[in-house]
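**Student:** how does the following fold in three dimensions:
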Amino acid sequence: MATEETKMKKQDLKFNKNEDTMKLKLSALQLKIDKIHLGGGEKKIKKHHSKGKLTARERIAFLLDKDTDYVEMGEFAGYGMYEQYGGCPSGGVVIVIGYVSGKQCVVVANDATVKAGAWFPITGKKNLRAQEISIENKLPIIYLVDSAGVFLPMQDEIFPDKEHFGRIFRNNAIMSSMGITQIAAVMGSCVAGGAYLPIMSDESLIVDKTGSIFLAGSYLVKAAVGEVIDNEALGGATTHTEISGVCDYNSPDDKSCLTTIQEIIDKIGAHESAGFDRKKSLEPKLNPKEIYGIFPKERTTPYETRDIIKRLVDNSEFTEYKSGYGKTIVCGYARIDGWSVGIVANQRELIKTKKGEMQFGGVIYSDSADKTARFIMNCNQKKVPLVFLQDVTGFMVGSRSEHGGIIKDGAKLVSAMANSVVPKFTIVMGNSYGAGNYAMCGKAYDPRLIVGWPTAQVAVMGGSQAAKVLLQIEVASLKAKGEEITADREKEMFDSVKARYDEQTTPEYAASRLWLDAIIDPLETRKWISMGIEAADHSPIEKPYNVGVIQT
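**Tutor:** A predicted model of the protein is given here:
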């Protein structure tokens, strides 16, 4: 893939610095991921193995087809949260989209090394995200159950509300009515309300001696009704496959259970197709690794977005739409891993208009919003999935923009995007600030998948701007109380406020709260988009595209 362009870039000092910065971020990211994958720690894993059980990730690795792609959702869920309880790596549950017996599925596996697989608030949110992906894409879903139920110290934040624990079982029922295959394997504890999940699935399996299902365990049964009985007799595999009939399959061990799931999935009929266009996949002509050097280390440094796009798309071919108009957003058609896509990408280059005016890169202007809205409508008309590449600081402000109708044009863009009936996929490459996050299909606008590069930042505004605003408020409050603020004290306060704000804008902070499904290496972007469109192709579009009332 070496080209003259490559050689020139490699000699460029900025390119090398950018590349070094990206590689350092990826290295730091991998260290965090390695720690997350230990779950509750090596001692807990050893104890888990001593019971003859595989860990959540080992179960998934055995279940998935060998040498096939998969993506993990919510790997950073709970990161830096619940420290008072010892943390909750990956939210105590591992979720992937992968292939089982040649069929794309969602797999949800409780990690019993993390607080016995108990449900924290983020665990519930992550499980609901898995079901949302299954529902949107009509993908089969497999639950590998090994959980002690709700984490009692936080029961008020996980039990009673609409988007809490009980929503899982409501979704089980809705998904069943939609004909979405649900398979549940009880491979450890399955207690209280959680006992309904496997039984509301289409088919359920249970592992002998390690799996158990009951509404109340032996201690609670004794306390409640005075009956003395052990957990195995109360709700073990023999009980539920030979007496109650609650479970359908009795498996002697984890691997046998997972093999039976593979055999069940193998017999599922073919899915209906949404009809998204796919041809033979071609690698980009331009080297994708050059993205590391092209994407700037500084958040305000201009760069050419098309250089990124041409290293993501098949054969580096990109058919640009309205290239001479609305230049702070780049729109056009391409293929990614063979799939036809419409790309909407922010342009961080400083733009000079024909009128001689300068437009700041990364900012959405009226002409850009107008062009993008029209392009989104075209993609919906042609049944072309949309890919948003975010590096946006927001909409342009000031009297000229306001008088020119920036709010009207912005609303047109948001309406066109929000009402899209083709699937949307969002990659946060850099900045994702304010209303720009919304217009470029942020989490609130139902992207099928939304991921960030290690350079991503999600916030109302950048750290320096936010810190100045917050500092003004804080200083005014202190002065009102009669305090004198020196220049040194003001700088100290500014640094403190900025550090606190910057911490809340990191990709890890966003991913820990599931604002992002994952933090990925830029080189994985093609895989995430391709697998996402393949999943979406399971679900035919059922309603016409209609943007409702918009001002033009």
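**Student:** how about the helices in the stretch 401-550 of the chain?
**Tutor:** Taking DSSP state H, counting those that start in this stretch as the criterion, the stretch 401-550 of the chain carries its helices at 406-418, 434-439, 463-480, 487-503, 507-512, 525-536.
**Student:** could you dump those to JSON lines with distance to residue 61 and mean neighbour count?
**Tutor:** For glycine as for every other residue, the C-beta is placed from the backbone atoms N, C-alpha and C. Output for those, formatted as JSON lines (distance: least, CB to CB, whole Å; neighbours: other CB atoms under 10 Å):
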{"stretch": "helix 406-418", "distance to residue 61": "37", "mean neighbour count": "21"}
{"stretch": "helix 434-439", "distance to residue 61": "35", "mean neighbour count": "22"}
{"stretch": "helix 463-480", "distance to residue 61": "39", "mean neighbour count": "14"}
{"stretch": "helix 487-503", "distance to residue 61": "34", "mean neighbour count": "14"}
{"stretch": "helix 507-512", "distance to residue 61": "22", "mean neighbour count": "22"}
{"stretch": "helix 525-536", "distance to residue 61": "17", "mean neighbour count": "22"}
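**Student:** and those helices: which comes nearest residue 58?
**Tutor:** The minimum distance between residue 58 and these falls on helix 525-536, with 22.0 Å, by CB to CB.
**Student:** could you export that closest one as CSV, keeping only the C-alpha atoms?
**Tutor:** Provided in CSV are the C-alpha atoms of helix 525-536 (Å, rounded to 0.1, in the frame of the first residue of the first chain):
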residue,chain,number,x,y,z
THR,A,525,-14.3,1.3,12.2
ARG,A,526,-15.0,-0.7,9.0
LYS,A,527,-15.8,-3.9,11.0
TRP,A,528,-18.3,-2.1,13.3
ILE,A,529,-20.1,-0.4,10.4
SER,A,530,-20.2,-3.6,8.3
MET,A,531,-21.5,-5.8,11.2
GLY,A,532,-24.0,-3.1,12.1
ILE,A,533,-25.5,-3.0,8.6
GLU,A,534,-25.5,-6.8,8.4
ALA,A,535,-27.5,-6.8,11.6
ALA,A,536,-29.8,-4.1,10.3
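**Student:** check which helices and strands it is in contact with.
**Tutor:** Here helix 525-536 touches strand 71-73, strand 103-110, helix 121-137, strand 329-336, strand 339-346, strand 424-433, strand 449-452, going by 3 or more CB pairs under 8 Å, 6 or more residues apart in numbering; DSSP states H and E.
**Student:** how about a cut-off of 7 Å?
**Tutor:** strand 71-73, strand 329-336, strand 424-433, strand 449-452 (3 or more CB pairs under 7 Å, 6 or more residues apart in numbering; DSSP states H and E).
**Student:** dump those strands to TSV, plus distance to residue 237.
**Tutor:** Shown next, in TSV, are the helices and strands packed on helix 525-536 (distance: least, CB to CB, whole Å):
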stretch	distance to residue 237
strand 71-73	29
strand 329-336	45
strand 424-433	41
strand 449-452	37
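**Student:** among the helices of the stretch 401-550 of the chain, which is nearest residue 237?
**Tutor:** When these are compared by CB to CB, helix 525-536 sits nearest residue 237, at 33.0 Å.
**Student:** report the rounded mean pLDDT for the closest one.
**Tutor:** Here helix 525-536 scores 98 as its mean pLDDT.
**Student:** who's in contact with it?
**Tutor:** Helix 525-536 is contacted from outside by 69, 71, 97, 104, 137, 139, 274, 276, 312, 336-337, 339, 385, 387, 423, 425, 427, 448-449, 451, 520, using CB atoms under 7 Å, 6 or more residues apart in numbering.
**Student:** what angle do it and strand 339-346 make?
**Tutor:** Here helix 525-536 runs at 120 degrees with respect to strand 339-346, directions being taken by axes from the mean of the first three to the mean of the last three CA atoms, to 10 degrees.
**Student:** follow-up on the earlier one: any chance of the helices and strands packed on helix 525-536 in CSV with mean pLDDT and distance to residue 361 as columns?
**Tutor:** As requested, the helices and strands packed on helix 525-536 are exported to CSV (pLDDT from 0 to 100; distance: least, CB to CB, whole Å):
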stretch, mean pLDDT, distance to residue 361
strand 71-73, 98, 30
strand 329-336, 98, 11
strand 424-433, 97, 10
strand 449-452, 98, 19
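**Student:** so for residue 242, which of the ones you listed sits nearest?
**Tutor:** The closest of the helices and strands packed on helix 525-536 to residue 242 is strand 71-73. By CB to CB, the value is 36.5 Å.
**Student:** after that closest one, next one along is what?
**Tutor:** Later in the chain than strand 71-73, the nearest helix or strand by DSSP states H and E is strand 93-100.
**Student:** format the CA atom coordinates belonging to that next one as CSV.
**Tutor:** What follows is strand 93-100, C-alpha atoms only, in CSV (Å, rounded to 0.1, in the frame of the first residue of the first chain):
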residue,chain,number,x,y,z
VAL,A,93,-22.3,-8.5,32.2
VAL,A,94,-20.6,-9.1,28.8
ILE,A,95,-22.5,-8.4,25.6
VAL,A,96,-21.3,-9.2,22.0
ILE,A,97,-22.7,-9.3,18.5
GLY,A,98,-21.2,-12.3,16.8
TYR,A,99,-21.9,-15.5,14.8
VAL,A,100,-23.3,-18.7,16.2
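**Student:** run the chain-centre distance for it.
**Tutor:** Distance of strand 93-100 from its chain centroid, counting by CA atoms, centre = their mean, to the nearest Å, is 13 Å.
**Student:** what's in contact with it?
**Tutor:** Here strand 93-100 makes contact (CB under 7 Å, 6+ apart) with 56-57, 60, 63-65, 68, 70-74, 104-111, 123, 126-127, 130, 142, 262, 265, 531, 535.
**Student:** pretty sure residue 140 is touching residue 105, no?
**Tutor:** Yes: if you go by CB atoms under 7 Å, residue 140 and residue 105 touch, sitting 4.6 Å apart.
**Student:** who touches both of those two?
**Tutor:** Counting by CB under 7 Å, 6+ apart, the common neighbours of residue 140 and residue 105 are residue 265.
**Student:** now residue 370: how far from residue 364?
**Tutor:** 10 Å (CB to CB, to the nearest Å).
**Student:** neighbour count winner among the two?
**Tutor:** Neighbours were counted for residue 370 and for residue 364 using other CB atoms under 10 Å; residue 364 has more, 27 against 21.
**Student:** is it correct that the more buried one is in contact with residue 440?
**Tutor:** No: Residue 364 lies out of contact with residue 440 (CB under 7 Å); the separation is 8.2 Å.
**Student:** overlap of the contact sets of these two?
**Tutor:** Listed as contacting both residue 364 and residue 440 by CB under 7 Å, 6+ apart are residue 392.
**Student:** what residues are up against residue 514?
**Tutor:** The neighbours of residue 514, taking CB under 7 Å, 6+ apart as the test, are 74, 77, 125, 126, 129.
**Student:** okay, it: pLDDT?
**Tutor:** Looking at residue 514, the pLDDT reads 97.
**Student:** how close does it get to residue 448?
**Tutor:** 14 Å.
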